[in-house]
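> no FASTA, just this:
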């Protein structure tokens, strides 16, 4: 094969060297576009690398866009690199926003279709050649740039010293690097958009934060105003209620009042308790809304707990002449651990509403349950139970459209007259309390037929000290054993001091008084009382300062200290205990609560009224022996006993009326049991009838027995919130 022409060999060497430089330059240009942090520096660096690699005189980038009105394609030079000795065109205003088709008619279509423009300028159309030759350009190549597959602009390479003819492989390589520039522009646009979004978000966040700060400040101010209002309202209402309820309790324990007068005192207490319940509901709703309501479980004799509720509401049902039924599953435990106050609050609301809205028919309470998984033997509780409560009535029912708002605060549905007897808070609070206890209060109602409210909660079973509960709830306290205990009462209101005096002096306590903290401190140091009961809000020296100084003084530091206040917010209670108080007694003061606290603090042994099981109660009618009357048949006695055990007072009295019609000789018997029924002494009726059955059948025993001793006057104050 003959040797190649020396000129051809030289040309081949030059092209190979050019290709190597071009590929190396493209690689370095890509590195610059990818690795250089500063966007402008990376573009300019890549242009410089490509200019040196191709040995051209100018490398530039033009951005193209359509003019909105004419839709002409306009071009603007954005970047440029020039070799030494070449005049830059980047500042040339004629190269900004000029119609590309006016100067280079074929370029818009070729470039937008992804094709390139290349060749010697002398071969270009005359219109193009005129402009290019004016810049001393001998040859050029222009390749399109696309961003996300959309025509963005073009990149050009001008050769002013030699007429380089670009091969297809070289233009393809330049198209590849143009794509890299397109990727760089896409990233830059994305970064700009991201920055704009971040800036916008930051601005919105700052604006929103500022709005939230204003809203939070307003909400905090509103909450403080609400809390201040509730605290002041509660305090101002509880203070006179302390006197009303205190003296009502004192009068009911008086030996000098007639039964009718005691009944009047009981009515005063009931009205006061109704107002106190309303105040407590307002505070409870506030606690729930602020998520500050906590549960305080304790051991509860569940069967006696439910029996007390039934006996109390039997009175209301009897007055309305409706049947009141109660069914407690025998499978349920005797003792459970539950927040007694909150469970009582829920049941009170549900049963009270059922009786209030039922004018005929019946109200039925049903409690069922099932044991859950056994607990470990080391735990005190034996087993967890799921307790299911249902309160059914045959009242008017609830409209379907009202069901979705029945548990909303201050919403009342149904009869307008009956609505006025409530606050509209009971169901809302009950719904939230049940939720806190881990259950859900549900309602199922049929208009014209009645409603059923139900909920389930889980409680652990516990052992109950029945004798201790019997002493606390059944027996009247007369005094205490041992030496006289001296109690200092510090309160700026004489009526509050008088309530405590009249509660405790009959039991044998010695009471000394002070109307402010300063005087109380002096008396505490001088008289050294066994216990101090102090108010919080007082002139000269408030309760907090008084407690603090008591605990600082060596002579008064050991003295037991009760804080009794109408300020009942948890923060007030905790603050008083943190200051050194041993116990917090809320006003209005409940006698049983006070006596329970005194027993613990002073280690007291109470002296109770002496009573026997056979003669548990001393009213004249109860003391009448059934042997003095003509008794009906054993079957009739057992029927009466079943009715009493079921709490069916109305049916019980109807049976007595039938006995009166049978024979006048039953009048003594029926009069005794009618009086007991009208006073709802169900346990006394049950035990007395059992004795009457035994008298009629000496060798027989009653088939129905009650689980606990009879009670004449169950202390319902223990059940109140």
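It's in. The model shown is predicted, which means the values in this text are computed figures rather than measured ones.
> Residue 573 against residue 584, yeah?
Yes - counting by C-beta atoms under 8 Å, residue 573 does reach residue 584; the two are 4.5 Å apart. From N, CA and C alone the C-beta is placed, and that goes for glycine too.
> list residues touching both of these two?
residue 563 (C-beta atoms under 8 Å, 6 or more residues apart in numbering).
> top helix in the protein by residue count?
What stands out as the longest helix in the chain, according to DSSP state H, is helix 168-252.
> how distant is that helix from the center of its chain?
How far helix 168-252 lies from its chain's middle: 20 Å, per C-alpha atoms, centre = their mean, to the nearest Å.
> other SSEs contacting that helix?
When contacts are defined as 3 or more C-beta pairs under 8 Å, 6 or more residues apart in numbering; DSSP states H and E, helix 168-252 sits against helix 6-35, helix 39-54, strand 139-147, strand 150-159, helix 259-289, helix 494-504.
> Can I get the ones you listed in TSV including mean pLDDT?
Formatted as TSV, those follow (pLDDT from 0 to 100):
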stretch	mean pLDDT
helix 6-35	76
helix 39-54	88
strand 139-147	93
strand 150-159	94
helix 259-289	68
helix 494-504	89
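> Figure out which of these is closest to residue 73.
Of all the helices and strands packed on helix 168-252, strand 150-159 sits nearest to residue 73, with 8.9 Å by C-beta to C-beta.
> in its sheet, what does the closest one sit against?
Paired strands of strand 150-159, with direction, are strand 58-66 (antiparallel), strand 139-147 (antiparallel) (DSSP bridges).
> Could you identify which of those is most buried?
Ranked by mean neighbour count, these are led by strand 139-147 with a mean of 22 (mean count of other C-beta atoms under 10 Å).
> now that strand: how far from the chain's centre is it?
For strand 139-147, the distance to the chain centre is 66 Å (C-alpha atoms, centre = their mean).
> Run through who's touching it.
Residues outside strand 139-147 that contact it (C-beta under 8 Å, 6+ apart) are 61, 107, 111-112, 114-121, 132, 151-159, 162-166, 170-171, 174-175, 178-179, 181-182, 185-186, 189.
> Spell out, range by range, the helices that occur in the stretch 301-450 of the chain.
Secondary structure of the stretch 301-450 of the chain, counting by DSSP state H, counting those that start in this stretch: helices at 302-319, 340-357, 416-419, 426-436.
> Quick one: list the elements packing against the first one.
The contact analysis (3+ C-beta pairs under 8 Å, 6+ apart) places helix 302-319 against strand 323-328, strand 335-338, helix 340-357, strand 362-374, helix 649-662.
> Pull the distance from that helix to the chain's centre.
32 Å.
> Measure how buried residue 486 is and give me the count.
15 (other C-beta atoms under 10 Å).
> my read: it touches residue 513, true?
No - using C-beta under 8 Å, residue 486 makes no contact with residue 513, being 11.8 Å away.
> Could you save the helices and strands packed on helix 168-252 as a markdown table and add columns showing distance to residue 128?
Shown next, in a markdown table, are the helices and strands packed on helix 168-252 (distance: least, C-beta to C-beta, whole Å):
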| stretch | distance to residue 128 |
| --- | --- |
| helix 6-35 | 25 |
| helix 39-54 | 21 |
| strand 139-147 | 10 |
| strand 150-159 | 12 |
| helix 259-289 | 79 |
| helix 494-504 | 107 |
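> looking at the ones you listed, which is closest to residue 394?
Across these, closest to residue 394 is helix 259-289 (C-beta to C-beta), at 25.2 Å.
> how big is the angle separating the strand or helix carrying residue 74 from helix 168-252?
In the assignment (DSSP states H and E), residue 74 maps to strand 73-82. With axes from the mean of the first three to the mean of the last three C-alpha atoms, to 10 degrees defining the directions, strand 73-82 sits at 110 degrees from helix 168-252.
> re earlier: which among the helices and strands packed on helix 302-319 is found nearest to residue 19?
strand 362-374 (81.6 Å).
> on that earlier part again, out of the helices of the stretch 301-450 of the chain, flag the one nearest residue 211.
Residue 211 lies closest to helix 426-436 among these, at 29.7 Å (C-beta to C-beta).
> Now do the longest helix of the chain against helix 39-54, angle only.
160 degrees.
> Can you tell me what sits against stretch 367-374?
With C-beta under 8 Å, 6+ apart as the criterion, stretch 367-374 contacts 306, 327-329, 331-332, 382-390, 458.
> Now for those residues: which two are most distant?
382 and 390 (25.3 Å).
> And residue 669, how far from residue 128?
131 Å (C-beta to C-beta, to the nearest Å).
> ok, those two, which is more surrounded?
Between residue 669 and residue 128, residue 669 has the larger neighbour count (other C-beta under 10 Å), namely 22 against 17.
> So for that one, what's the pLDDT?
What the model reports for residue 669 is a pLDDT of 83.
> That one touches residue 633, doesn't it?
No - look at residue 669 against residue 633 with C-beta under 8 Å: they stay out of range, at 11.9 Å.
> who touches residue 255 in this structure?
Contacts of residue 255 (C-beta under 8 Å, 6+ apart): none.
> and it, which of the three is it?
coil (DSSP: H, G, I helix; E, B strand; the rest coil).
> circling back to that earlier point, which of the helices of the stretch 301-450 of the chain has the lowest mean pLDDT?
helix 416-419 - the lowest mean pLDDT of those, at a mean of 45.
> before we move on, which element is residue 456 in?
strand 450-460.
> Tell me the buried residues in that strand?
Buried residues in strand 450-460, counted by 16 or more other C-beta atoms under 10 Å: 450-457, 459-460.
> Then stretch 395-410?
Counting neighbours by 16+ other C-beta under 10 Å, stretch 395-410 gives 395-398, 406-407, 409 as buried.
> Repeat that for stretch 441-452.
441, 443, 445, 450-452.
> End to end on it, go ahead and measure it.
10 Å (C-alpha to C-alpha, to the nearest Å).
> between the helices and strands packed on helix 168-252, which gets nearest to residue 426?
That would be helix 259-289 among the helices and strands packed on helix 168-252, by C-beta to C-beta, at 6.7 Å.
> which residues does residue 347 contact?
309, 389, 391 are the contacts of residue 347 under C-beta under 8 Å, 6+ apart.
> Including distance to residue 496 and neighbour count, could these go into JSON lines?
Below are the contacts of residue 347 laid out as JSON lines (distance: C-beta to C-beta, whole Å; neighbours: other C-beta atoms under 10 Å):
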{"residue": "309", "distance to residue 496": "31", "neighbour count": "19"}
{"residue": "389", "distance to residue 496": "38", "neighbour count": "23"}
{"residue": "391", "distance to residue 496": "38", "neighbour count": "24"}
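> May I ask which helix or strand of this structure has the lowest mean pLDDT?
Within the chain, no helix or strand scores below helix 416-419, which has a mean of 45 by mean pLDDT, DSSP states H and E.
> can I assume residue 518 is in contact with residue 541?
Yes - using C-beta under 8 Å, residue 518 is in contact with residue 541, at 4.5 Å.
> and the helix or strand that residue 693 is a member of, what other elements does it pack with?
Using DSSP H and E, residue 693 sits within helix 682-696. The contact analysis (3+ C-beta pairs under 8 Å, 6+ apart) places helix 682-696 against helix 634-645, helix 667-678.
> Give me the angle between that helix and helix 667-678.
Using the same axes, to 10 degrees: helix 682-696 against helix 667-678 is 150 degrees.
> so where's the stretch 151-300 of the chain uncertain?
The model of the stretch 151-300 of the chain has pLDDT under 70 over residues 226-228, 230-235, 263, 270, 274, 277-278, 280-293.
> Secondary structure element holding residue 68?
Here residue 68 is assigned to no helix or strand, by DSSP H and E.
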